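**Q** curious how this folds, go ahead:
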Amino acid sequence: MRNSKRARAILGSAGIALVIAIAAMGGPTANAAHLTTVGLGTADGFAVLAGSAITNTGSTVINGDIGTFPTTTTTGFPPGTVNGTNRGGDAVTQGAKTDLVTAYNDAAGRTPVTTIPTELGGSTLTHGTYSSAAGTFGITGALTLDGQGDASAVWIFKMATTLTTATASSVVLIGGAQSCNVFWQVGSSATLGGSTNFRGNILALTSITLVTSATVDGRLLARNGAVTLDTNTITRATCAAATPVPATPTPTVAPTVAPTVAPTAAATPTPTI
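**A** I've put the predicted structure just below:
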């Protein structure tokens, strides 16, 4: 009996140590469980939102609304195309800028945070909140985000200063991950290198620049600076509706019918002679 109690105590200590180890690695137990998305409010309807102008060179295509405030200058459309509404600095844009500040602060304040290396290229990350000890993130090559079968999985990348991608880099989504649930909170400015294939919503304090042929499935949301484009494709990301699970039909069970028992005939009494 004494030995079995000791074994259970050792097993309990090992289990606690295992949970701590998972937490230190940023595993789902500590970092990603029940992580909610960042609400964008009215900024959700914008593919590009800026604070001090939107400028474009070349045949950029934007699928979604655009707007800029307080500087309302938008240039380069045409030759660029907006498959949405150019709202300039109207009331909708002003409200979206206010909601962007709220969303930015929400992302910046999320905890717990797992600190990882500055270079994201070549790594695979499950959902969670991540930061860099150096205060910057860069992608050279491919960063893979694995939803592990959960379409509501959320990633938040927090950086004190810059986000930079090298030429032809990419963010790859697997396991049901969706661009709408990936957020990049950038403390200064973001620059996406030429031919980068990027996924997620960039929430930058200052500016966002896309080099020639970079594409984005997400949003470019710059609080104070400009958004600068050059022959790019930006598509506002939307979350796919959850697929309903069909109800399992309840089998119909035929009622059990009790067998009919024939009545026993009464015995005929034998006459007394």
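**Q** please make it C-alpha for all contacts and neighbour counts, starting now.
**A** OK.
**Q** for the helix or strand where residue 200 lies, list the C-alpha coordinates in CSV.
**A** Taking DSSP states H and E as the definition, residue 200 sits inside strand 197-204. Output of strand 197-204 as CSV, limited to C-alpha atoms (Å, rounded to 0.1, in the frame of the first residue of the first chain):
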residue,chain,number,x,y,z
ASN,A,197,2.3,35.5,-50.8
PHE,A,198,1.0,36.7,-47.4
ARG,A,199,-1.9,35.7,-45.2
GLY,A,200,-3.5,37.6,-42.4
ASN,A,201,-4.4,41.0,-41.2
ILE,A,202,-1.6,43.6,-40.7
LEU,A,203,-2.4,46.1,-38.0
ALA,A,204,0.5,48.6,-38.2
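**Q** numbering from 5 from now on, please.
**A** Okay, residue one is now 5; in that scheme the one you just asked about reads as strand 201-208.
**Q** what are the boundaries of the strands in the stretch 55-204 of the chain?
**A** All strands of the stretch 55-204 of the chain, identified by DSSP state E, counting those that start in this stretch, fall at 65-67, 69-79, 85-87, 118-120, 128-130, 132-136, 141-143, 146-150, 159-163, 167-169, 174-178, 186-190, 194-196, 201-208.
**Q** which among those strands is found nearest to residue 105?
**A** Closest approach to residue 105 among the strands of the stretch 55-204 of the chain (C-alpha to C-alpha): strand 201-208, 9.0 Å.
**Q** show me what that closest one is packed against.
**A** Applying 3 or more C-alpha pairs under 8 Å, 6 or more residues apart in numbering; DSSP states H and E, one finds that strand 201-208 makes contact with helix 95-112, strand 174-178, strand 186-190, strand 219-226.
**Q** would you turn those into CSV with distance to residue 242, mean neighbour count and mean pLDDT?
**A** Below are the helices and strands packed on strand 201-208 laid out as CSV (distance: least, C-alpha to C-alpha, whole Å; neighbours: other C-alpha atoms under 10 Å; pLDDT from 0 to 100):
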stretch, distance to residue 242, mean neighbour count, mean pLDDT
helix 95-112, 17, 19, 98
strand 174-178, 14, 19, 98
strand 186-190, 11, 26, 98
strand 219-226, 8, 27, 98
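**Q** could you dump the ones you listed into TSV and include distance to residue 239?
**A** Formatted as TSV, those follow (distance: least, C-alpha to C-alpha, whole Å):
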stretch	distance to residue 239
helix 95-112	18
strand 174-178	15
strand 186-190	14
strand 219-226	5
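**Q** which of these sits closest to residue 52?
**A** The closest of those to residue 52 is strand 219-226. By C-alpha to C-alpha, the value is 4.8 Å.
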